[in-house]
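J.: pasting the sequence and the predicted model now:
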Amino acid sequence: MSAAPAVPVTAQTVARLARGVRLREDPVRGQTVLLAPERALALDDIAVMIVNALDGERNLGAISEEFSVKFEAPKEQILADVIAFIEDFSKRRMLELTS
């Protein structure tokens, strides 16, 4: 079982890719992957959108608000989904978090 992230993930959390982690297109497989030292993780379209939004400046609430407008969906639901994604990827040490 993975440990919880050191920083609690909330709407005020700011996230960015961890040092050494890069978002890259894999032309052979035709998908986007998150590359980290000695590991790679294939991402779906929604995960790519979330990772692209993680600029290290905007908090998850602001990102969720942007997605809410773009997809005409409830901000609370989007925020819950984004938080779950961030918690999972921070446990995998793919993200750095600040609150």
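T.: That came in fine, so what should we check first?

J.: what ranges do the strands span in this protein?
T.: 14-17, 22-26, 31-36, 39-43, 95-98 (DSSP state E).

J.: could you export these as CSV, including distance to N59 and mean pLDDT?
T.: C-beta coordinates here come from the backbone N, C-alpha and C atoms, glycine included. Formatted as CSV, the strands of the chain follow (distance: least, CB to CB, whole Å; pLDDT from 0 to 100):
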stretch, distance to N59, mean pLDDT
strand 14-17, 5, 96
strand 22-26, 20, 92
strand 31-36, 21, 93
strand 39-43, 22, 91
strand 95-98, 9, 94
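
J.: deepest in the core, which of those strands is it.
T.: Of all the strands of the chain, strand 14-17 has the most neighbours on average by mean count of other CB atoms under 10 Å, namely a mean of 20.

J.: could you give the separation of it from the chain centroid?
T.: 7 Å (CA atoms, centre = their mean, to the nearest Å).

J.: what's next to it, contact-wise?
T.: Strand 14-17 has contacts (CB atoms under 8 Å, 6 or more residues apart in numbering) with 23, 34, 51, 54-60, 86, 90, 94-99.
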